[in-house]
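In: coords please:
(one chain, ligands or ions: 2)
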Amino acid sequence: MTTPSADAPGTDKPLSHLEHIKAESRHLRGTIAEGLADPVTGAISDDDNKLLKFHGSYQQDDRDIRDERRRQKLEPAYAFMIRARLPGGVVQPQQWLAFDDIARTYASRGLRITTRQTFQWHGIIKHNLKPTMQAIHNAMATTIAACGDINRQVVCSVNPHLSSEHAIVWEWAKKLSDHFIPRTRAYHEIWLDGEKITDEPEEEPIYGDTYLPRKFKIGIAVPPTNDIDVFAQDLGLIAIIEHGKLLGFNVATGGGMGATHGDDTTYARLGSLIGFVPPEQAIALAEAVVTVQRDYGNRSERQHARLKYTIDHNGLEWFRDKVEERAGFTLEPARPYAFVRNGDRFGWEQGEDGNWHLGLYIESGRLWDQDDQKLQTGIREIAKILKGEFRMTCNQNLVISNVATRDRAKIDKLVAQFGLDGYKAQSGIRRHSIACVALPTCGLAMAESERYAPALLSKLETILDSHGLLDAPILLRISGCPNGCARPYLAEIALIGRALGRYDLRLGANFTGERLNVVYRENIAEPDILQTLDELFGAYARNREPDEKFGDYLIRSNVLPAPSANLIPIRLDTVA
Ligand code: SRM
Ligand code: SF4
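Out: Ligands and ions are numbered 1, 2, ... in the order given. A predicted model of the protein is given here:
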């Protein structure tokens, strides 16, 4: 096993603590197994908690009762979040039933569809972590590398009306996901009681002993739909498909959302287009991007460790040259493409093979039974009769896929019975809204998000209705902090948490995920948010051009400045 040198590459600063933890972890083992067996505390050690992320789980505590527990001199109410790795967000009905059972047996807040089209379970106590992991494994799924400094869940466009194109990109999502799965047997040993084959740690041919400097994300979009926000990915692939044949991918690198309030050296960035690869070169290209980041990413300052900073620090041409050198070929010029939206479609759509796909809006992706709302039960009942599959979307919604014409009525009946048909009567802004988890589980949340979204949306709907804009599709995203898990920097209207009840209001991204928004008001509370938007909606209703989107209107009417170069994707290529 290699030990990291004292200094991070390209800097004279020492490696971050986490680099040492990774290096000494014997490929992600640490003392997780021992920590799980310790009955004295509901927690594991800080170092193991960092390694646990690579296994797809985070230690959290219930922030609603944190102060009360402190007053009572009790340790925080520790519980774990678990995230599944489900490339492309496809779940078979039997798997769904197993995941639903896990949620009811071990978790506390139902099933949560994430902004990267997979599941999270919250509130799992330490004692139940292992049985939960085993139940996920028995459902033919895994959580390995769903979090951590590694390539994570690979996402792809859902595109329900184009089944064959979805099938192509889903295959690629799985292929890329499998290619970048870590080789360590630690997961099997710790969670699945796998036998220790040798005391020597295994090789990690792609990652090496210290994995990546930071998280890494890959996504595949199929124009004209940018439902995955391809420019928010470290490696975004834009599939160029003609007459049902995949010609290859345009390659965008260095996208990322996370920033820190008050630190201008951190920022959201859109992926830069560096060229095109045919399918037979795509894996080599992806591996070259990952390994350049592995070797040149900043391992001393985690806030500057994402690929976007590696690229900006060294220059985009430098980066493309390095990638081409490693891949052993030159990228071709990017092919023409156009996006028209980055939201989901709702209701039934027929695929070209005659089967049907039903897009359902799921508020903040949370499926659980509360009071008279029984959404979790509803989807469970659908899973019992579904002959197709489920597809989760990057906008936290759900598609019930591949339904034969004769089976539609049965699904419709359940959808209506369990109140899953809300999409039919919803406003344009609600259908295009995303809110991150935030409180009470997220340790980084500065403000509410998922729990605030329903009330805020109702107030905004009243205002929009008064301006005749209730059906106007407007992208609204809320994040409880500037990490941007709801990809708020790509919303026409974004609220980013500053403190409880206070948000930065950002405006002016476009509807296709190709322009970042800008700060309009800082650190304001709800009355200011509503008043500001009321005025802007009024002007939009009066002055918009036919089909003009809200974000575009704000720029055309000079409410916001014309977008500067760093708000749109940089192109190093020439379109062929
Ligand atoms: Fe995220 C951290 C939730 C998508 C950027 N994110 C977190 C943690 C794990 C908090 C933590 O580190 O303690 C949150 C757990 C909350 C909870 O209680 O469940 C969390 N992120 C989520 C999810 C569940 C939000 C959601 O409402 O769906 C999404 C899970 C995705 C998945 O299934 O893999 C989620 N996170 C994203 C996205 C969107 C995306 O990838 O398309 C982003 C922005 C894109 C990007 O990565 O740049 C995102 N999350 C972050 C960051 C900032 C990273 C950065 O470069 O600065 C953090 C904090 C960190 O890594 O230090 C973070
Ligand atoms: Fe937590 Fe911030 Fe991500 Fe929301 S954006 S889930 S508050 S880390």
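In: so how far is Arg306 from the closest residue to Asp101 other than its chain neighbours?
Out: Nearest residue to Asp101 in three dimensions, chain neighbours excluded: Ala135, at 7.4 Å (Cβ to Cβ, 6 or more residues apart in numbering). Every residue, glycine included, has its C-beta placed from N, CA and C. Going from Ala135 to Arg306 by Cβ to Cβ, to the nearest Å gives 33 Å.
In: Which phi and psi values does the nearest residue to Arg29 once chain neighbours are set aside adopt?
Out: Ranked by Cβ to Cβ, 6+ apart and with sequence neighbours excluded, the top spatial neighbour of Arg29 is Ala186, at 4.5 Å. Dihedral pair for Ala186: phi -60, psi -40, per degrees, to the nearest 10.
In: who's in contact with stretch 439-456?
Out: Stretch 439-456 has contacts (Cβ atoms under 8 Å, 6 or more residues apart in numbering) with 58, 60-64, 79, 81, 109, 122-123, 363-364, 366, 433, 435-438, 478-481, 483, 486, 495, 497-503, 526, 529.
In: And stretch 324-337, by the same measure?
Out: Stretch 324-337 is contacted by residues 223, 238, 240, 247-248, 250-251, 273-278, 281, 284-285, 287-288, 291-292, 320, 323, 571, 573-576 when judged by Cβ under 8 Å, 6+ apart.
In: and if you look at stretch 544-559?
Out: Stretch 544-559 is contacted by residues 472-475, 492-493, 507-511, 515, 517, 536, 539-540, 543, 560-563 when judged by Cβ under 8 Å, 6+ apart.
In: Recalculate using a threshold of 7 Å.
Out: 472, 474, 492, 507-511, 536, 539-540, 543, 560, 562-563 (Cβ atoms under 7 Å, 6 or more residues apart in numbering).
In: Sort out for me which of those residues are in strands.
Out: Leu507 (DSSP state E).
In: Please indicate which of the contacts of stretch 544-559 are buried?
Out: Buried members of the contacts of stretch 544-559, counted by 16 or more other Cβ atoms under 10 Å: 472, 474, 492, 507-511, 536, 540, 560, 563.
In: before we move on, back to that, tell me if I'm right that the residue nearest to Asp101 and Ile102 touch.
Out: Yes - applying Cβ atoms under 7 Å, one finds Ala135 in contact with Ile102, separated by 5.0 Å.
In: is stretch 295-307 up against ligand 1 anywhere?
Out: Yes - Stretch 295-307 is in contact with ligand 1 by Cβ under 6 Å from any ligand atom, via Arg306.
In: Quick check: residues of this protein near ligand 2?
Out: Residues of the chain lying near ligand 2 by Cβ under 6 Å from any ligand atom: 436-438, 442, 444-445, 449, 479-481, 483-485.
In: any idea which residue sits dead centre in this protein?
Out: Arg116 (3.1 Å; Cα atoms, centre = their mean).
In: mind pulling up the phi and psi values for that one?
Out: In terms of degrees, to the nearest 10, the main-chain angles of Arg116 are phi -120, psi 40.
In: And Val518, by the same measure?
Out: phi -130, psi 160.
In: Next: the one 4 residues further on.
Out: As for Glu522, its main-chain torsions (degrees, to the nearest 10) stand at phi -100, psi 140.
In: Show me what the residue lying closest to it once chain neighbours are set aside is bridged to.
Out: Distances taken as Cβ to Cβ, 6+ apart place Asp504 nearest to Glu522, at 5.2 Å, with adjacent residues excluded. Beta bridges link Asp504 to Ile496 when assigned by DSSP bridges.
In: ok, Asp504 - how many residues close by?
Out: Using other Cβ atoms under 10 Å, the number of residues around Asp504 comes to 20.
In: what do you get for Asp12?
Out: Using other Cβ under 10 Å, Asp12 is surrounded by 8 other residues.
In: near ligand 1, which residues of the stretch 151-300 of the chain?
Out: For the stretch 151-300 of the chain, the contact set with ligand 1 under Cβ under 6 Å from any ligand atom comprises 152-153, 215, 217, 232, 256-258.
In: Now those in a markdown table, please, with extra columns for neighbour count and pLDDT.
Out: Below are those laid out as a markdown table (neighbours: other Cβ atoms under 10 Å; pLDDT from 0 to 100):
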| residue | neighbour count | pLDDT |
| --- | --- | --- |
| Arg152 | 22 | 98 |
| Gln153 | 25 | 97 |
| Lys215 | 19 | 98 |
| Lys217 | 21 | 98 |
| Ala232 | 28 | 98 |
| Gly256 | 26 | 98 |
| Met257 | 25 | 98 |
| Gly258 | 20 | 97 |
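In: in the helix or strand harbouring Arg326, what's buried?
Out: According to DSSP states H and E, Arg326 maps onto helix 316-327. Residues of helix 316-327 classed as buried by neighbour count (16+ other Cβ under 10 Å): 316, 319-320, 322-324, 326-327.
In: follow-up on the earlier one: can you name the two of the residues of the stretch 151-300 of the chain next to ligand 1 that are farthest apart?
Out: Gln153 and Gly258 (16.4 Å; Cβ to Cβ).
In: Test my guess that Ser479 contacts Cys436.
Out: Yes - judged on Cβ under 7 Å, Ser479 makes contact with Cys436 at a distance of 4.8 Å.
In: Run through the helices of the stretch 101-250 of the chain in chain order.
Out: Listed in chain order, the helices of the stretch 101-250 of the chain (DSSP state H, counting those that start in this stretch) span 126-138, 163-179, 186-191.
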